[in-house]
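# got a sequence here, can you model it:
(2 chains)
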Amino acid sequence: MFNSFRMSMGWVHTWLGLVLGFVLMICFFFGALSVFDREIDRWAIPDTRFEPQPMPSFDEVLKPVFDELKPHPTDMAATQQRVIGDLPDPDTMPLKSLYAYTTHRDPVLRIGGEFGIPNEPKDPADDHLHVHGWATVNPTTGETLSDSALKIGSDWFYPMHFNLHLRWNMLGYWIVGVAALVLLAALVTGVIIHRKLFREFFTFRPWKHVLRSSLDLHNVTGVVALPFHFFFAFTALVIFATNIYLPLSHTTLKPLHEQHEKLEAERTGLPHEESGEAAPLASVDAMVAEAKRRWAERDMPGEVGYLFMDHIGDENSYVSIYRAGSDRVALVGEGIHFKASTGEVIREEPPRSVVASIDEFLTGLHLQHFEHWMLRWLYVFGGLLGAICIATGFILFVEKRKARHAKAGSQGSRIVDAMAVTTVTGMVIAAVSMLVANRILPADLAGKGQWEQTVFWWAWGLAFLHAAWRSSPVAKARVNPAWREQSWVLAALSLLAVVMNWVTTGDHLIKTLFTDTYWAVAGVDLSLIATALIAMLVARKLGAKATETVKPKRGKSAQHNKQVNAYD
Amino acid sequence: MISQTALHITNRIIAAFLGGYAFTWGLSALAITTMVTLGIDFHEAETGMTLVAFLVFLALFLWTFAAASMLRVWLVLAGGAAVMMLIATMLQNSLVS
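Presented below is the predicted three-dimensional model:
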């Protein structure tokens, strides 16, 4: 199989593409949902259904909030494992640093900080240990949101697409990283084998129709969106390169990096350590005003995206104010740093270098914090095209082999098909089940977010069991009825989610579209309805196929995947 | 019983993922230390290298499956990684001291 260049490339495409394809389905689908993560949050947390807010006044709104911020119990437990002796009472720990972060799509504000502890670390290399605290704030009232309210979009679907929620030893990140590399390889090898494959299938008469239609869809979605797929897989690796995939500066080049950091601290004048002398805090609002004035002077007026303060209460304390990148393909930047006790400017960051600009542009284009709604939707369609490409790849794999496997008594196609059902309809069922659970569980239920996660995993697990249980026809070269059955389930769940949103919040589509327009909720509802319609159409077509022929074929399978995945 | 083919494929997969990764790691270390030696800022060099590293990894990855001789593949990947790591470490030592 490695005798010729083209055959070896075909092997890489087929087998690595198949194995990592199941992961790539997750990346593409949840990546597509992540484009509207904030909007899904609004749907899931009705208390936050109001307009996006700019960074609120620090002196009036945020300072009292930070005064109330406490170390988070989760991080208390995690830090206790790493230090010698018992941690002190969390209420007595001093806040050492703080941050606040928002974007043009956020009604609520994320804040957090580090609390100082006297304990020595168990591992001496584990220096600068702190206990972290975090919260989500309603900037219009200064109230913090309940911890049990899970942000399903930005804290569940979004991390799913880059770490699969497998946190143990960063395993999820590594699996996704391998999948990204394999996607790059699959795109290159796909182009190499393309013509050859086409000719092969032309002579494959008995299944010509089924194979041709799924192959065409596989090629079209792969080739048309090839730059898109290549870009996202490549930038995914670049985004995590320095911290996870190639952490040279923390390992091999640590000495060189530390030397650079020391020189850098001297050059920028931002103190790395505390002085030990207490000092008061000047008006942060005045610093924000000064930062905005300087941005406007540089012909780039803007809002604050990120606010950071280090060495709080110390003479060496400083405040860093970063501009939100809403109007350009970049993240927060143009940082201006102030001395916290006096409010004087310590440093204004110079414009980015060429290399940093390229990097910023590439990662910014992936993370898309900028404001451009049409491009946002194109991202969703691009992600769904990727999912279709991979799903049709599964179909091709099964269709090409199932007759042969049936003759030889092999279970290979059957297993792949069951996994395909699980990662196509099963995955969407899991996501929609979570939304249904979100609207059925009472808002004041303790640990509500935990329950929603449980529903998500159980729904997905049941979809897998169902697909496996119904898969025996595939071993006889027929169709797995699970495709059709799960499409019906998906249609029902999607409609149920829309109805439950109406019942529990009163936000029906006539209201969110016309009388009291709120696009975040209307968009999720409309996408759910679209999902339901497509799933019903697919289920009906698959049903008709199953009854019209003695020996059912999967003529619509490719289209099926396309339609099921057109969910947002 | 493990067939000859299975062993052969396993060898290619290990070489492609781990060998390719080791080579990419060594190349990145060497490129960054070389650039810093030439007076380029550390983070500039690091960022620049991340933009190149995964394209190199991809090329090595595909070459591993296409190559006729696995011996040559391992010589280049493992040998290259070792040599580059050695030079990078020497460069770093001279820079830090």
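# near the residue of the stretch 401-550 of chain A found nearest chain B, how many other residues are there?
Of all residues in the stretch 401-550 of chain A, A:Gly412 sits closest to chain B, at 15.4 Å by CB to the nearest CB. Just so you know, the C-beta spots here come from the backbone N, C-alpha and C atoms, and that holds for glycine as well. As a burial measure, A:Gly412 scores 16 neighbours (other CB atoms under 10 Å in any protein chain shown).
# which residues touch it?
Residues near A:Gly412 by CB atoms under 8 Å, 6 or more residues apart in numbering or on different chains: A:401, A:405.
# again, only this time at 10 Å
By CB atoms under 10 Å, 6 or more residues apart in numbering or on different chains, the contact set of A:Gly412 is A:397-398, A:401-402, A:404-405, A:474-475.
# list buried residues within those.
A:397-398, A:401-402, A:405, A:474-475 (16 or more other CB atoms under 10 Å in any protein chain shown).
# pretty sure A:Asp47 is in a helix, no?
Yes. Checked against DSSP: H, G, I helix; E, B strand; the rest coil, A:Asp47 lies within a helix.
# need the contact list for the nearest residue to it once chain neighbours are set aside.
Using CB to CB, 6 or more residues apart in numbering or on different chains and skipping the chain neighbours, the partner closest in space to A:Asp47 is A:Leu145 (7.1 Å). Residues in contact with A:Leu145, defined by CB under 10 Å, 6+ apart, are A:45, A:47-48, A:108-109, A:135-138, A:151.
# in chain B, which helix has the most residues?
The helix spanning the most residues in chain B, taking DSSP state H as the definition, is helix B:42-66.
# can you spell out which helices and strands pack onto that helix?
Packing partners of helix B:42-66 (3 or more CB pairs under 10 Å, 6 or more residues apart in numbering or on different chains; DSSP states H and E): helix A:5-11, helix A:171-202, helix A:226-239, helix A:254-268, helix A:354-367, helix B:4-14, helix B:20-37, helix B:70-74.
# re the thing from before, cross the contacts of A:Leu145 against strands and list the overlap.
Using DSSP state E, the subset of these located in strands is A:109, A:135-138.
# need the residues you listed in a markdown table with neighbour count and pLDDT, can you?
Formatted as a markdown table, those follow (neighbours: other CB atoms under 10 Å in any protein chain shown; pLDDT from 0 to 100):
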| residue | neighbour count | pLDDT |
| --- | --- | --- |
| A:Leu109 | 25 | 95 |
| A:Ala135 | 20 | 95 |
| A:Thr136 | 21 | 95 |
| A:Val137 | 23 | 95 |
| A:Asn138 | 19 | 94 |
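# ok, so of the residues you listed, who is nearest chain B?
Checking the ones in strands among the contacts of A:Leu145 against chain B with CB to the nearest CB, the nearest one is A:Leu109 at 29.3 Å.
# these two touch, right, A:Pro139 and A:Thr102?
Yes. Counting by CB atoms under 10 Å, A:Thr102 is a contact partner of A:Pro139 at 7.8 Å.
# so what sits against both of the two?
With CB under 10 Å, 6+ apart, A:Pro139 and A:Thr102 have common neighbours A:52-56, A:108-109, A:111.
# and those, which is closest to A:Trp469?
Among these, A:Val108 lies closest to A:Trp469 (CB to CB), at 42.6 Å.
# I figured that closest one hits A:Asp41, correct?
Yes. Between A:Val108 and A:Asp41 a contact is recorded at 8.1 Å, counting by CB under 10 Å.
# which residues do the two both contact?
Common contacts of A:Val108 and A:Asp41, defined by CB under 10 Å, 6+ apart, comprise A:48, A:136, A:151.
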